[in-house]
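Q: sequence and predicted structure, then a few things I'm wondering about:
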Amino acid sequence: MKRFLLCSVKSVKVVLACLLALAFVSYGSLALADYEVTDYTADSPPPSETPTQWTNDVTVQWEAPSFSDPYTLVKFVYKWTTSESALNYTQLNADDSSTYTPNGGIVEKDVTPYHADLSSEEIAGDDYNVLRYLHLKTVYINTNTIEISHSNDKVIGPFNIDNVVTGTLRLPDPDDPDEDLQETRQTQITVEVGYPGDVAENGLYLNETSTRPSQGLPYTTTTYTLQNTDPGSKTIYAWFQDQAGNISSTPEAASFTLLEQVSIDPNTATIDLAVTDTRTFQVAGTSDGYTWTVINEIPETAGENVADLTGTTANVNSVTLQGLNPGTCQLTAQSGSTVLTSGTITVKGIAFNLDIDDDGSVTALGDGVLIVRYLFGFTGDTLITGAYNPSGNR
């Protein structure tokens, strides 16, 4: 019986020891969780995934957690990162400064208010796609065992600071889009823009000087029309604006040479079939060859051709246009992507006029007799005697 009682007492002690151990572990775990920072202020700026312009330091303040004996505060250790994943002891601890520097440090328990700053210099180049997080651990001590412990990582964030905007500008060659534009006679220039991912709706600014215009353009803009069309070196500048309000401090730029303007000469003309049926046209301002075409024919009589080109029409600087029937038309001259178009070319027909002697009036005994005699083959004096008015112009 005595042996049984001794065994029972031992069993009770073992059970009590186990219960105390479980209680200690539970208390330790509870303390570990309780000693995380929970009371903090982050309003400079507040955490948000929405991009925010911010040129001052980012500051977070907090209060020390409440401790129960035998635990008390030693210090805080923190680190700013771009990861939302909590840091473990190996990644962030007070005994190894390499785990919290750079962009981190220690806050001693007697330095209040407790705060951690991320310097304005560090975030000066942050764009909309950079998210910052503050990782904060409480370092505390068990005054009975003198054992130092860390709380779990308190992650505060994200802080989406957007202080810059970037973009690219390129002027592709229309004849070879894979190459940059070197020279052109066109005044409407194709622009190829690499837009920032957070571009504002009218967040593109284009100009021919290094001064940004006040009016932005839709970010879908693909061409720019030169304001200064004098031949010579040209530079197009581009600025970008994002949704946070950032505007490029330095513009992107691309340069090329604007060649002397060329045009079809004469730009408009009249071919009078009563005088001649041809007219020569050329591209003025260059000796380059062009391919010529008659377009927009509008005959006075439906179905008739107004004019046609004669001779060589490809890779030549000038051509001859032959008028065929009364009406109007235009010419085009094309070289690569450059297409020149003339103004209206008018072809006039031969006027029907019965005033044979050109005396200003049509008479049966004058002009009528002259026509009849001519139809019967009369010539010389037999044609005109008694019918011709000497005051006429013929």
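A: Good, I have the coordinates.

Q: and for Tyr219, the neighbour number?
A: Residues near Tyr219, counting by other Cβ atoms under 10 Å, number 17. Any C-beta I mention is one placed from the backbone N, CA and C, and that applies to glycine too.

Q: before we move on, what about Gln261?
A: Neighbours of Gln261 (other Cβ under 10 Å): 15.

Q: assess the claim that it and Gly285 are in contact.
A: Yes - with contact defined as Cβ atoms under 8 Å, Gln261 reaches Gly285; the gap is 6.0 Å.

Q: can you pull the contacts of the residue lying closest to Thr145 once chain neighbours are set aside?
A: Distances taken as Cβ to Cβ, 6 or more residues apart in numbering place Pro70 nearest to Thr145, at 7.8 Å, with adjacent residues excluded. Neighbouring residues of Pro70 by Cβ atoms under 8 Å, 6 or more residues apart in numbering: 142-145.

Q: among those residues, which are in strands?
A: Asn142 (DSSP state E).

Q: between the contacts of Pro70, which is nearest Ser249?
A: When the contacts of Pro70 are ranked by distance to Ser249 (Cβ to Cβ), Asn142 comes first, at 54.0 Å.

Q: hmm, the closest one is touching Asp69, no?
A: No - using Cβ under 8 Å, Asn142 makes no contact with Asp69, being 9.6 Å away.

Q: tell me the buried residues in stretch 312-332?
A: Neighbour-count burial for stretch 312-332 flags 313, 316-319, 321-332 (criterion: 16 or more other Cβ atoms under 10 Å).

Q: residues near Arg132, how many?
A: Neighbours around Arg132, by other Cβ under 10 Å: 21.

Q: element containing the residue lying closest to Ala274 once chain neighbours are set aside, please.
A: Spatially, and ignoring its direct neighbours in sequence, Ala274 is nearest to Ile350 (4.6 Å; Cβ to Cβ, 6+ apart). Ile350 belongs to no helix or strand when assigned by DSSP states H and E.

Q: surely Pro251 touches Gln241?
A: No - assessed by Cβ under 8 Å, Pro251 is found out of contact with Gln241, at 11.9 Å.

Q: any shared contact partners between these two?
A: Tyr205.

Q: helix, strand, or coil at Val369?
A: helix (DSSP: H, G, I helix; E, B strand; the rest coil).

Q: how close does it get to Pro390?
A: 15 Å (Cβ to Cβ, to the nearest Å).

Q: so for those two, which residue has more residues nearby?
A: Taking neighbours as other Cβ under 10 Å, Val369 and Pro390 compare with Val369 leading, 19 against 7.

Q: chain center to the one helix or strand Ser233 maps to, what's the gap?
A: In this structure, Ser233 is located in strand 232-242 according to DSSP H and E. Taking Cα atoms, centre = their mean, to the nearest Å, one finds strand 232-242 lying 11 Å from the centre of the chain it belongs to.

Q: pull out the buried residues from the helix or strand that that strand is followed by.
A: With elements assigned by DSSP H and E, the helix or strand that comes after strand 232-242 is strand 252-258. Going by neighbour count (16+ other Cβ under 10 Å), the buried part of strand 252-258 is 252, 254, 256, 258.

Q: give me the distance between the two termini of stretch 262-279.
A: Taking Cα to Cα, to the nearest Å as the measure, stretch 262-279 stretches 19 Å from start to finish.

Q: now stretch 178-192
A: 11 Å.

Q: what residues sit buried inside that stretch?
A: 181, 184-186, 189-191.

Q: and for stretch 124-144?
A: 126-128, 130-141.

Q: what about those, which are in strands?
A: Secondary structure from DSSP E places 131-141 of the buried residues of stretch 124-144 in strands.

Q: and those residues as a markdown table, adding pLDDT?
A: Compiled in a markdown table, those are given as follows (pLDDT from 0 to 100):
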| residue | pLDDT |
| --- | --- |
| Leu131 | 97 |
| Arg132 | 98 |
| Tyr133 | 98 |
| Leu134 | 98 |
| His135 | 98 |
| Leu136 | 97 |
| Lys137 | 97 |
| Thr138 | 97 |
| Val139 | 96 |
| Tyr140 | 96 |
| Ile141 | 96 |
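
Q: closest one to Glu108 out of those residues, please.
A: The closest of these, once distances to Glu108 are taken by Cβ to Cβ, is Val139, at 10.0 Å.

Q: show me this protein divided up by domain.
A: 20-161, 168-258, 263-348, 355-394 (automatic domain parsing).

Q: weakest of these by average pLDDT?
A: Of all the domains of the chain, domain 355-394 carries the lowest average pLDDT, namely a mean of 73.

Q: the residue lying closest to Leu354 once chain neighbours are set aside: how many residues sit nearby?
A: Nearest residue to Leu354, sequence neighbours excluded (Cβ to Cβ, 6+ apart): Val362, at 4.7 Å. With neighbours defined by other Cβ under 10 Å, the count for Val362 comes to 13.
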